[in-house]
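**Student:** Whatever this is, show me its structure:
(one chain, ligands or ions: 3)
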Amino acid sequence: MKTTISVIKADIGSYPGHTRAHPEVLKRAEELLEKAKRNSDIVDYCVTHCGDDLELIMSHTKGTDNGDIHSVTWNVFEECTEIAKSLKLYAAGQDMLKESFSGNVRGMGPGIAEMEFTERTGEPVLVFMMDKTEPGAFNFPIFKTFADPFNTAGLVVDPKLIPGFSFEVWDIEEHKKVMLACPEEMYYLLALIGAKSRYVIKRVFPRANLPENEPVAVVSTEKLSQIAHKYVGKDDPVAVVRAQSGLPAVGEVLEPYSFPFLVSGWMRGSHNGPIMPVSQKYAQCTRFDGPPRALCLGFQINEGKLVGPVDMFDDPAFDKVREECNNIADYMRRHGPFEPHRLPLEHMEYTTLPHVLEKMKDRFSTV
Ligand code: F6R
Ligand code: MG
Ligand code: MG
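**Tutor:** Residues are numbered from 1 along each chain as shown. Ligands and ions are numbered 1, 2, ... in the order given. Alright, predicted model coming up:
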């Protein structure tokens with residue numbers, strides 16, 4: 001029997017402003033997923049939020065891109081949007097970009113990370129959720145976990161990990177993908193994924209010991225602005241990572257977050273800032289609508305059931321990185337509207353440049 005983990009999320013409205021999902025919305029989502037569980041549409045579920053994003057973590061046996069699962073999900077988002085509207089929550093229905101559902105939520109607005117795999121005797125799964133940033137924010141930690149021996153001791157000391165991993169990288173502008181194997185092709189991989197606004201790690205596959213067609217990590221790569229053809233908020237990605245027994249250990253999956261790496265997003269989706277790993281309690285972006293957050297819930301999978309969650313960053317071991325984040329946030333903020341705090345023009349989600357150029361058009365002279 002294979003198990004599928006589907007993490008599907010959407011910002012369907014929040015309070016105040018873009019800060020966090022409302023308890024009434026979370027409650028309704030729970031009720032609907034409880035009903036789906038009773039009807040055997042899903043095996044198990046966990047509802048949470050990361051900032052203003054409603055996060056549905058579901059397990060089932062129907063495989064990825066399954067119509068039943070996607071329709072359950074779409075229905076949850078629709079009903080929750082109604083609640084958001086009735087409470088006049090901010091930006092109610094924001095990520096519901098398409099109106100008529102035709103069997104799959106892909107390309108409709110919500111972000112999706114799904115993987116199907118054969119459950120091992122012990123199957124730890126970590127679900128990561130980020131707010132106020134974009135899918136490429138996962139490039140750095142996923143690379144570190146599966147390819148950097150200075151992060152993952154197992155790549156050196158565990159013979160099962162020495163063969164390395166294959167990375168499926170998407171060009172999210174040209175809609176193409178490429179597979180790169182590490183360690184041999186690490187420099188090619190880095191040449192691409194360092195450009196994180198364009199090349200994003202979509203999946204990671206094992207090269208030995210486990211079935212090679214079953215992913216061990218998957219990231220949501222939806223680009224809302226491309227679906228809507230205008231700025232509609234950042235994509236706020238999610239990722240699912242399997243761990244242990246021939247894979248990086250749980251602690252090796254978390255270790256990259258001990259460094260406050262810079263991501264783009266934050267205020268108005270137009271600023272670089274450090275990602276702050278936080279517990280559920282602090283999964284809300286307040287200072288300058290940020291700084292961007294990473295939340296991680298950990299589970300053991302038991303015949304499809306989600307045993308957990310454990311709030312993985314709820315640990316004083318991550319206090320130091322949070323403090324560093326605050327120092328970096330101060331430093332970055334002092335740049336105000338200057339790059340590299342503010343993103344370069346082509347990556348800004350709110351751009352006033354056309355407006356400024358229009359106003360100035362008769363005042364420019366040739367030099
Ligand atoms: C960033 C984000 C917020 C908003 C900002 C302005 O992803 O969600 O920083 O961009 O609060 O929001 P509006 O334009 O809705 O007033
Ligand atoms: Mg929002
Ligand atoms: Mg969000």
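
**Student:** from here on, contacts and neighbour counts on C-alpha atoms
**Tutor:** Fine.

**Student:** Tell me the pLDDT of the residue of the stretch 1-150 of the chain at minimum distance from ligand 1.
**Tutor:** In the stretch 1-150 of the chain, the residue that lies nearest ligand 1 is Lys132 (4.6 Å; CA to the nearest ligand atom). Reading off the confidence values, Lys132 has pLDDT 97.

**Student:** roughly how far apart are it and Ala92?
**Tutor:** 17 Å (CA to CA, to the nearest Å).

**Student:** More neighbours: which of the two?
**Tutor:** More neighbours surround Lys132 than the other of Lys132 and Ala92, with 34 against 21 (other CA atoms under 10 Å).

**Student:** and the more buried one, what is it in contact with?
**Tutor:** For Lys132, the contact set (CA atoms under 8 Å, 6 or more residues apart in numbering) comprises 234-236, 265-267, 269, 285, 289-293.

**Student:** rerun at 10 Å
**Tutor:** Residues near Lys132 by CA atoms under 10 Å, 6 or more residues apart in numbering: 18-19, 50-53, 233-237, 263-271, 273, 275, 284-285, 289-294.

**Student:** Beyond the helix or strand containing Tyr331, next helix or strand please.
**Tutor:** Secondary-structure assignment from DSSP states H and E places Tyr331 in helix 319-333. Helices and strands here follow DSSP H and E; after helix 319-333, the next one along the chain is helix 353-360.

**Student:** Name the helix or strand of the protein that has the lowest mean pLDDT.
**Tutor:** Least confident helix or strand, the chain: helix 224-228 with a mean of 72, by mean pLDDT, DSSP states H and E.

**Student:** got the CA positions of it in CSV?
**Tutor:** Written as CSV, here are the backbone C-alpha positions of helix 224-228 (Å, rounded to 0.1, in the frame of the first residue of the first chain):
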residue,chain,number,x,y,z
LEU,A,224,0.2,33.3,-8.4
SER,A,225,1.2,36.3,-10.5
GLN,A,226,1.5,34.1,-13.5
ILE,A,227,-1.9,32.5,-13.0
ALA,A,228,-3.6,35.9,-12.4
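
**Student:** what's around Pro183, how many residues?
**Tutor:** 18.

**Student:** tell me the contacts of it?
**Tutor:** Counting by CA under 10 Å, 6+ apart, the residues that Pro183 touches are Phe146, Ala147, Asp148, Pro149, Leu155, Ile162, Pro163, Gly164, Phe165, Ser166, Leu189.

**Student:** In a markdown table, list the residues you listed along with pLDDT, distance to ligand 3 and neighbour count.
**Tutor:** Shown next, in a markdown table, are the contacts of Pro183 (pLDDT from 0 to 100; distance: CA to the ion, whole Å; neighbours: other CA atoms under 10 Å):
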| residue | pLDDT | distance to ligand 3 | neighbour count |
| --- | --- | --- | --- |
| Phe146 | 98 | 27 | 28 |
| Ala147 | 98 | 29 | 22 |
| Asp148 | 98 | 29 | 20 |
| Pro149 | 98 | 32 | 15 |
| Leu155 | 98 | 34 | 24 |
| Ile162 | 95 | 37 | 17 |
| Pro163 | 96 | 37 | 16 |
| Gly164 | 98 | 33 | 21 |
| Phe165 | 98 | 30 | 22 |
| Ser166 | 98 | 30 | 23 |
| Leu189 | 98 | 28 | 23 |
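
**Student:** ok, back up a step: what sits up against the helix holding Tyr331?
**Tutor:** With contact meaning CA under 10 Å, 6+ apart, helix 319-333 is reached by 257-262, 271-278, 287-288, 290-292, 313, 316, 334, 338-342.
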